[in-house]
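Undergrad: Here is the input, now give the coordinates:
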Amino acid sequence: MEFRGFSKMATEMSFELTPLGISPARIRASAIEIVRKAVSECAPSDDFANRMHLGGDTWYWTSLEIKEAYQFGLRLIRYLFRLSNESGLYYLKPSIALGFGEPKFQGERFLDDDSIRSYLISDNGSSFVYFAVGDAIPELRALGNVPLIAPPKHANDPNIRAINWQSASADGDEPDLKPIEIPALLLDSEVRYSESSLSAVANLIRYQKESDTALIFGGPVPLGEAHYVQYVKQTIALLKAKAGAQFTVLSYLPINEPESSVTWLELCPKLSILHRDRFAFAAFTIPEGQLRPFSFHIYGNQILHIGLRAYSAHKGTATMSSSITLRNSKIAAKFSSDFIENFRKIGPLNDYRYSQLVGSFAVLDGNSRASIVRTVDILTN
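TA: Residues are numbered from 1 along each chain as shown. From the prediction side, this is the model:
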């Protein structure tokens, strides 16, 4: 299924409204949510409803039975027409093509000729036309009650027919038209997924350079990896240049990772002394075996970056392996409020609290501590 004029529609409808928060992206997101709910109402099962959504205006479903696929398409095009005609959603203009064959995919790419042809017919089709393509035509004729008619003139091909969906018979009762309820928080959010720690850290570097504030919650940064070292160096460079964000850092320190915890415990207090007006730090320890909270960063009260962890057999611990970023002021405000309250409860680091935390890692010998001090000096000088 394709939607005719989908991208152009969103651009034109948002003309002169973007300053009010009605952007092309938000309009597209609302249309996608409406279609998703229509599909759920018309699909024979939840599993069928969630088969595939490609890009903004392309949907693809597979079925083992031609009759199931045909009836689903029939219900869906009628439901969308009712939304258009009865609810005033005139920008919903689907073009649906029903093919028959053995689908093959590579990710979101079609590899088989039947799927490719069905997609092209739908993509170049007409609004509210339900096409039967290739071998689907004799299969539908075999059902005995499918009204096949000549397609629009631009699709004049003996291997393409149109289904007269207005006169066709649907099995059972068709779904009632449901009220349209769209969660505003979903439409107001820009969501980005980073599938590696390298790309996630690259985003952190960019966000803290572009923002005026950064609230950071998480564990010690693993300084054994080059991209994390780059992240720390860029943070220090911003502090020295009095550019980028003002940092507030709340860290948990795992007792069973003394070297990384003590390194962080040496680095952050030093930064808070050197850059008192731009870097605040608080920390607490967590015992071995305790579930670790997920890390998150909030930039400029607009961007929320959530780190997703995976266990590394080589490192013997779970570290950030990917991330999700949401650009949404309401969500960022909620996380900010919780962060500030937790920072207040823990309290900024002072000499007494620092000695308590350092004492928790007495397992480290003098040579290890001297090595940590040298590492911190190299980073900060």
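Undergrad: ok now stretch 357-369, how far from the chain's centre?
TA: 41 Å (C-alpha atoms, centre = their mean, to the nearest Å).
Undergrad: Please identify the buried residues of that stretch?
TA: 357-358, 360-361, 369 (16 or more other C-beta atoms under 10 Å). The C-beta positions use only the backbone N, C-alpha and C, and glycine is treated the same way.
Undergrad: As JSON lines, those residues with secondary structure would be great.
TA: Formatted as JSON lines, the buried residues of stretch 357-369 follow (DSSP: H, G, I helix; E, B strand; the rest coil):
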{"residue": "357", "secondary structure": "helix"}
{"residue": "358", "secondary structure": "helix"}
{"residue": "360", "secondary structure": "coil"}
{"residue": "361", "secondary structure": "coil"}
{"residue": "369", "secondary structure": "helix"}
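Undergrad: At which residues are the helices of this protein located?
TA: With helices called from DSSP state H, the chain shows them at 6-13, 24-42, 46-49, 66-87, 113-123, 136-143, 184-187, 197-210, 226-241, 258-274, 329-346, 351-359, 366-380.
Undergrad: what helices or strands is the first one leaning on?
TA: Pointing back at helix 6-13 there. helix 24-42 (3 or more C-beta pairs under 8 Å, 6 or more residues apart in numbering; DSSP states H and E).
Undergrad: name the helices or strands packed onto the helix it packs on?
TA: Using 3+ C-beta pairs under 8 Å, 6+ apart: helix 24-42 touches helix 6-13, helix 46-49, helix 66-87, helix 184-187.
Undergrad: one step back: dump the buried residues of stretch 357-369 into JSON lines; add distance to residue 350 and pLDDT as well.
TA: Below are these laid out as JSON lines (distance: C-beta to C-beta, whole Å; pLDDT from 0 to 100):
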{"residue": "357", "distance to residue 350": "11", "pLDDT": "93"}
{"residue": "358", "distance to residue 350": "13", "pLDDT": "90"}
{"residue": "360", "distance to residue 350": "16", "pLDDT": "91"}
{"residue": "361", "distance to residue 350": "18", "pLDDT": "92"}
{"residue": "369", "distance to residue 350": "21", "pLDDT": "88"}
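Undergrad: Now tabulate the residues you listed in a markdown table and tack on distance to residue 149.
TA: Shown next, in a markdown table, are these (distance: C-beta to C-beta, whole Å):
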| residue | distance to residue 149 |
| --- | --- |
| 357 | 77 |
| 358 | 81 |
| 360 | 78 |
| 361 | 78 |
| 369 | 83 |
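Undergrad: one step back: ok, which of the helices of the chain comes nearest residue 299?
TA: helix 197-210 (4.3 Å; C-beta to C-beta).
Undergrad: distance between the closest one and the chain's centre?
TA: On C-alpha atoms, centre = their mean, the centre of helix 197-210 falls 16 Å from that of its chain.
Undergrad: Go through it and flag the buried ones.
TA: Applying a neighbour-count criterion of 16+ other C-beta under 10 Å, one finds 197, 200-201, 203-205, 207-209 buried in helix 197-210.
Undergrad: What of stretch 276-284?
TA: Neighbour counts over stretch 276-284 (16+ other C-beta under 10 Å) mark 278-283 as buried.
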